[in-house]
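> Give me coordinates for this.
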Amino acid sequence: AGGMRQQFSLEQNVKMSMYGLEFLRHMHSWPSSDNVQFQQQGYVFLANTDSAVKVLRENHGVQTSAGADISLLLPSQLKV
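Numbers count the residues shown, from 1 in each chain. Have a look, this model is predicted:
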């Protein structure tokens, strides 16, 4: 898989992505799945305006309330 993000603004989309992620995580146990490779990495979304920060915060609330393991980091928490 190329990627499986959970950062959406609608709860339905977050939950659908979480289902797909669990599917990929456990696909190795299926018969004939020897060639399936999945390495979970992550996504980073950055905001450079107050309105963009507001959107990220609102979306973070939707995502975490749906059960997604999403972190919202402050600029001081980012490493270069």
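
> Run through the strands of the protein in chain order.
For the chain, applying DSSP state E gives no strands.

> For it, give me the ranges with low pLDDT.
For the chain, the stretches flagged by pLDDT under 70 are 1-3, 33-35.

> again, only this time at 50
1 (pLDDT under 50).

> how about the helices in it?
11-26, 50-65 (DSSP state H).

> Please name whichever of those helices is nearest to Phe38.
helix 11-26 (4.7 Å; Cβ to Cβ). Glycine gets a C-beta too; all of them are placed from N, C-alpha and C.

> before we move on, back to that, adding mean neighbour count, write the helices of the chain out as a markdown table.
Putting the helices of the chain into a markdown table (neighbours: other Cβ atoms under 10 Å) gives the following:
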| stretch | mean neighbour count |
| --- | --- |
| helix 11-26 | 14 |
| helix 50-65 | 14 |
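
> Can you lay out these as JSON lines showing distance to Ser71?
Compiled in JSON lines, the helices of the chain are given as follows (distance: least, Cβ to Cβ, whole Å):
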{"stretch": "helix 11-26", "distance to Ser71": "15"}
{"stretch": "helix 50-65", "distance to Ser71": "9"}
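
> Nearest to Gln37, out of those?
Gln37 sits nearest to helix 11-26 of all the helices of the chain, at 10.0 Å, using Cβ to Cβ.

> Report all helices and strands that that closest one contacts.
helix 50-65 (3 or more Cβ pairs under 8 Å, 6 or more residues apart in numbering; DSSP states H and E).

> what packs against the helix it packs on?
Using 3+ Cβ pairs under 8 Å, 6+ apart: helix 50-65 touches helix 11-26.

> And for the helix it packs on, what's in contact with it?
By Cβ atoms under 8 Å, 6 or more residues apart in numbering, the residues outside helix 11-26 that reach it are 1, 4-8, 38, 40, 62-63, 65-68.

> Which one of these is nearest to Pro31?
Once Cβ to Cβ is applied, the member of these that ends up nearest Pro31 is Phe38, at 16.7 Å.
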